[in-house]
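# only geometry, no sequence info:
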Ligand code: PBG
Ligand code: ZN
């Protein structure tokens, strides 16, 4: 393989030659689209820090989910912003909670669409932490009991996949056991296995008003300096029964995605988080970058790193770009 016998440029000469040797492809089925559900009806309130994304009431969330499905996207993941927040986040497991209502409505309108629901308490607690607090500390095992209640209530509403996002120790076991005890052995678990304490979640916290009132999440989310620890976390979640493991965020963690996908024989999801979306939108707005090209390059990079699926706010837009390419 030496010049001049081998000339790599020969196979880059035309678009069709390039298409033939393309190693990574993007398709609508690679995506999961996040939706933020709020109380009320007829609500589609723009999220300032996530231009193009909205807080939707259940009826409008159904429309957004249907539009995603029409683009070929197989799944949505729901986040809820409750009517009222309290110390333990009890609205999270209410049968008439926003997420439970949205699950029912979306499954009714689009039975084939995979409905996932994020399960954590930071959106539901008045202090903004991811569970029950005791003496200023997150009480892991007390929070697990509430997590178990929450995922069972999602399952009763008809969810296909629960996505515990709190990085609590034992959270997959807690979900699996409670789901199975309640007869929901077909409900899958997408585990936020390697979730880093990240500044890239800033716009999301504005969208769901979940910034901690004091302190931060470094006591349970991972230190961004570590990758071996990510493998330990992922291995535990697989042993506990996770059906899909996740690395989050994506872009500053492409090496982690690669390490995880090399290590485990399980589907790997990457979360292309709010700050990653916001940076592209802000720079595109200023005319500093080419939005369409950057979006496809970014998403392809995440797939190339080893992600089997990507949660992305850009999902519907990316599908439209892919359609245009045909
Ligand atoms: C917690 C949760 C967060 C995100 C998804 N689930 C925020 C956090 O841990 O503070 C972040 C998603 C994003 O930034 O796009 N329920
Ligand atoms: Zn949380």
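Good, I have the coordinates. Note that the coordinates shown come from a computational prediction; the quantities given were computed from them, not determined experimentally. Ligands and ions are numbered 1, 2, ... in the order given.
# residues of stretch 275-293 that come out buried?
Neighbour counts over stretch 275-293 (16 or more other CB atoms under 10 Å) mark 275, 276, 277, 278, 279, 280, 281, 284, 291 as buried. C-beta coordinates here come from the backbone N, C-alpha and C atoms, glycine included.
# dihedrals phi and psi, the residue nearest to the last one when sequence neighbours are not counted?
Going back to what we said before, that points to residue 291. In space, residue 291 comes closest to residue 284 once its chain neighbours are excluded; the distance is 3.6 Å by CB to CB, 6 or more residues apart in numbering. Per-residue torsions, residue 284: phi -70, psi -40 (degrees, to the nearest 10).
# what do you get for the one 5 residues further on?
Main-chain dihedrals, residue 289, degrees, to the nearest 10: phi -140, psi 160.
# tell me which residue of the stretch 151-300 of the chain lies closest to ligand 2.
residue 166 (4.8 Å; CB to the ion).
# what's the burial count for that residue?
For residue 166, the count of nearby residues is 25 (other CB atoms under 10 Å).
# what sits against it?
119, 120, 121, 122, 130, 131, 143, 147, 192, 220 (CB atoms under 8 Å, 6 or more residues apart in numbering).
# so what's residue 98 up against?
37, 38, 39, 58, 80, 81, 82, 83.
# before we move on, the earlier item: tell me the secondary structure of the residue of the stretch 151-300 of the chain closest to ligand 2, please.
Assigned with DSSP: H, G, I helix; E, B strand; the rest coil, residue 166 falls in the coil class.
# in ChimeraX, how would I select the buried members of the contacts of residue 98?
Selecting only the buried entries of those in ChimeraX, with 16+ other CB under 10 Å as the criterion:
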select :37,38,39,58,80,81,82
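# tell me which of the contacts of residue 98 fall in strands.
Residues of those located in strands (DSSP state E): 37, 80.
# out of the contacts of residue 98, who's nearest residue 297?
For the contacts of residue 98, the residue nearest residue 297 by CB to CB is residue 37; the value is 30.8 Å.
# can you name the residues bridging to that closest one?
residue 56, residue 80 (DSSP bridges).
# other SSEs contacting the longest helix along the chain?
Assignment by DSSP state H gives helix 140-157 as the longest helix of the chain. Helix 140-157 sits against helix 98-109, strand 114-119, strand 161-164, helix 171-181, with contacts defined as 3 or more CB pairs under 8 Å, 6 or more residues apart in numbering; DSSP states H and E.
# could you find the closest non-adjacent residue to residue 125?
residue 89 (4.3 Å).
# then residue 102?
residue 37 (4.5 Å).
# for that neighbour, what are its contacts?
Residue 37 touches 55-58, 61, 78-81, 98-99, 101-102, counting by CB under 8 Å, 6+ apart.
# about what we covered before: using JSON lines, lay out the contacts of residue 98 together with distance to residue 244.
Listed next are the contacts of residue 98 as JSON lines, based on distance: CB to CB, whole Å:
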{"residue": "37", "distance to residue 244": "22"}
{"residue": "38", "distance to residue 244": "27"}
{"residue": "39", "distance to residue 244": "29"}
{"residue": "58", "distance to residue 244": "26"}
{"residue": "80", "distance to residue 244": "21"}
{"residue": "81", "distance to residue 244": "25"}
{"residue": "82", "distance to residue 244": "26"}
{"residue": "83", "distance to residue 244": "30"}
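# now, which of the contacts of residue 98 sits nearest ligand 2?
residue 80 (12.0 Å).
# my guess is the closest one contacts residue 123. True?
Yes: counting by CB atoms under 8 Å, residue 80 does reach residue 123; the two are 6.2 Å apart.
# which residues do these two both contact?
With CB under 8 Å, 6+ apart, residue 80 and residue 123 have common neighbours residue 92.
# next, count neighbours for the spatially closest residue to residue 131 that is not a sequence neighbour.
Among residues not flanking residue 131 along the chain, residue 143 sits closest, at 2.7 Å (CB to CB, 6+ apart). Residue 143: 25 surrounding residues under other CB under 10 Å.
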